[in-house]
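Colleague: pasting a predicted model and its sequence here:
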Amino acid sequence: MWKRAFGVIGPAALLALWILPGPVTAKMDREVIKKSVPLTSEKRLDVHLTFGAGQLDLQRGRGDDVIRAALEFPEDGDPPEFSYRKRGRAGLLKIKSENIEHWEHDEDNVRIDIDDDAWGGWWNDNERNDWSIDLTDEIPISLNIETGASGNHIDLTGLMISDLDIEAGACELEVTVDEAADHRTRIISIDGGAAKMRFEGLGNLDFDRMEFNGGAGLFTLDFSGELSHRAMVEINLGVGQMTILVPRDVGVMLDCSSCSLASVSVSGPFEEEDDVYVNEEYGKTRGELLFEISASLATVNVETVR
C-alpha cells in the first residue's frame with residue numbers, strides 16, 4: 001500500500017502523520033461522469049475501488065441496477081477508469097481514480113498535527129475526487145477498497161457482503177452497518193496506515209473471521225449487532241490507539257498475551273488470567289467473539305456496551 005517515512009519517535013506524534021499533496025491552489029472547475037449498469041443474470045458481484053484524494057461515499061442502491069455512480073473529478077484531470085463485465089454469473093466492477101499512483105508514492109509531504117479535528121480536507125482541487133456509489137442489494141458482493149488521502153463513508157446497511165477488504169492510507173474512514181445482514185460475511189480484512197478509522201455494527205455482518213492490521217492511527221471497532229455464531233478476530237497493531245467495543249450479551253475472550261509493550265485496559269465483567277480475559281457470557285451464548293491481539297507500542301482499550 002503506502003510507503004511511510006517513520007522515524008523512531010513517540011506514539012503520540014505518530015498518531016497524526018499525514019501525507020499531503022503540497023500547496024493549496026485556486027479552486028478548479030469540476031466534471032461529473034454518471035454510470036449505471038442494469039442487473040440481469042448476475043448471481044454475485046466483485047467490486048474493486050481504487051480511490052485517491054477526495055471524498056468517497058458508498059451505500060445501498062435502490063432499483064434494479066448493479067451500480068449507480070456519480071464520479072466527480074477536476075476538469076483538467078483524467079476521468080476515473082470505469083469497467084464492468086460479466087464472467088459467467090459474476091459481475092466484475094472496477095473503478096480507479098487517475099491520481100492514485102501519486103498518493104501511493106509521495107513520501108515527502110508529512111506533517112504532524114494531533115489537534116486537527118477535520119481529519120481530512122488536506123487535498124486540493126488539483127487532486128480531489130468526489131464519488132457517490134450505490135451498489136445492488138440483490139446479490140452477494142465481494143468488496144475491495146483501496147483508498148489514499150481521503151474522507152470515506154461506507155454504509156454497508158442492507159448490502160449482502162460476502163467478503164470485505166479495505167486498504168487505507170492517511171485517511172478518515174467510517175464504516176457503518178445499522179441492521180443485521182441477510183447474508184453471512186466470510187472474511188473482513190482491514191489494513192490501515194496513519195488513519196482515523198471507525199467501524200460501527202460489525203456484529204451485523206455476522207462474519208466468520210476478521211483480520212485487522214493498524215499502523216499509527218486512531219481506530220475504533222464496534223462489534224455491536226446480531227452475531228449468530230463464533231467469530232475470530234485477529235488484531236495486529238504497531239503504534240497507535242485502538243478502542244474495541246464489545247456487546248454485553250455476547251461471549252467474549254481476549255488473548256492479549258502478545259501485548260507485553262502495549263498499554264491494555266479492559267472494562268466490564270471480565271476475569272483475567274495470564275493476559276487472557278473472559279467475560280461472564282463466554283461459553284453461554286450462541287454468538288461469541290474470540291480475539292487474538294498483538295500490539296507493540298499501541299494503546300488498546302476494551303469497553304463493554306449494551
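Modeller: Thanks, I have it.

Colleague: beta partners of the most centrally placed residue in the chain?
Modeller: When Cα atoms, centre = their mean is applied to the chain, the residue found nearest the centroid is residue 166 (5.1 Å). Applying DSSP bridges to residue 166 gives these bridge partners: residue 145, residue 190.

Colleague: and the helices in the stretch 1-150 of the chain?
Modeller: In the stretch 1-150 of the chain, helices defined by DSSP state H, counting those that start in this stretch lie at 11-14, 100-105, listed in chain order.

Colleague: lowest average pLDDT across those helices?
Modeller: Out of the helices of the stretch 1-150 of the chain, helix 100-105 stands lowest, with a mean of 40 (criterion: mean pLDDT).

Colleague: distance of the residue of the chain positioned farthest from its centre from residue 295?
Modeller: Among the C-alpha atoms of the chain, the one farthest from their average position, using Cα atoms, centre = their mean, is that of residue 273, at 32.1 Å. The gap separating residue 273 from residue 295 is 19 Å, by Cβ to Cβ, to the nearest Å. (C-beta placed from N, C-alpha, C; glycine too.)

Colleague: could I get the contacting residues of the residue nearest to the centre of the chain?
Modeller: Contact partners of residue 166, counting by Cβ atoms under 8 Å, 6 or more residues apart in numbering, are 144, 145, 146, 147, 154, 173, 175, 189, 190, 191, 192.

Colleague: same question for residue 64.
Modeller: Contact criterion Cβ under 8 Å, 6+ apart gives 38, 39, 138 as the residues in contact with residue 64.

Colleague: find the nearest non-adjacent residue to residue 70, please.
Modeller: Taking Cβ to Cβ, 6 or more residues apart in numbering, and ignoring the residues beside it in sequence, residue 70 has residue 132 as its nearest neighbour in space, at 4.7 Å.

Colleague: can you check residue 67 too?
Modeller: Beyond its immediate neighbours in the sequence, the residue positioned closest to residue 67 (Cβ to Cβ, 6+ apart) is residue 37, lying 5.3 Å away.

Colleague: would you confirm that the one you found contacts residue 63?
Modeller: No. Judged on Cβ atoms under 8 Å, residue 37 makes no contact with residue 63 at a distance of 11.4 Å.

Colleague: when these two are compared, which one has more neighbours?
Modeller: residue 37 (19 against 12; other Cβ atoms under 10 Å).

Colleague: quick one: that one and residue 183, what's the gap?
Modeller: Summarising the geometry, the distance separating residue 37 from residue 183, computed by Cβ to Cβ, is 20 Å.

Colleague: same deal with residue 154?
Modeller: Distance check for residue 154 against residue 183: by Cβ to Cβ, it reads 16 Å.

Colleague: same deal with residue 173?
Modeller: Residue 173 sits at a distance of 22 Å from residue 183 (criterion: Cβ to Cβ).

Colleague: same question, residue 231
Modeller: As defined by Cβ to Cβ, residue 231 lies at a distance of 15 Å from residue 183.

Colleague: so for these two, which sits in the more crowded spot?
Modeller: Residue environment comparison for residue 231 versus residue 183 gives the larger neighbour count to residue 231, 23 against 15, counting by other Cβ under 10 Å.

Colleague: that one: which element?
Modeller: For residue 231, the enclosing helix or strand under DSSP states H and E is strand 230-237.

Colleague: quick check: mean pLDDT of that strand?
Modeller: Throughout strand 230-237, pLDDT has a mean value of 97.

Colleague: what is it packed up against?
Modeller: Judged by 3 or more Cβ pairs under 8 Å, 6 or more residues apart in numbering; DSSP states H and E, strand 230-237 is in contact with strand 209-214, strand 288-295.

Colleague: so what strands line up beside the longest one?
Modeller: Yep, that's strand 288-295 we're talking about. Applying DSSP bridges to the sheet, strand 288-295 is found paired with strand 230-237 (parallel), strand 251-258 (parallel).

Colleague: redo the ones you listed as CSV? Include distance to residue 50.
Modeller: Putting the strands paired with strand 288-295 into CSV (distance: least, Cβ to Cβ, whole Å) gives the following:
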stretch, distance to residue 50
strand 230-237, 24
strand 251-258, 33
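
Colleague: quick one: which of these is nearest residue 299?
Modeller: Each of the strands paired with strand 288-295 has some distance to residue 299 by Cβ to Cβ; the shortest is strand 230-237, at 8.9 Å.

Colleague: next secondary structure after the closest one?
Modeller: strand 240-247.

Colleague: that following strand to strand 288-295, inter-axis angle?
Modeller: Between strand 240-247 and strand 288-295, the angle formed by their directions is 170 degrees, by axes from the mean of the first three to the mean of the last three Cα atoms, to 10 degrees.
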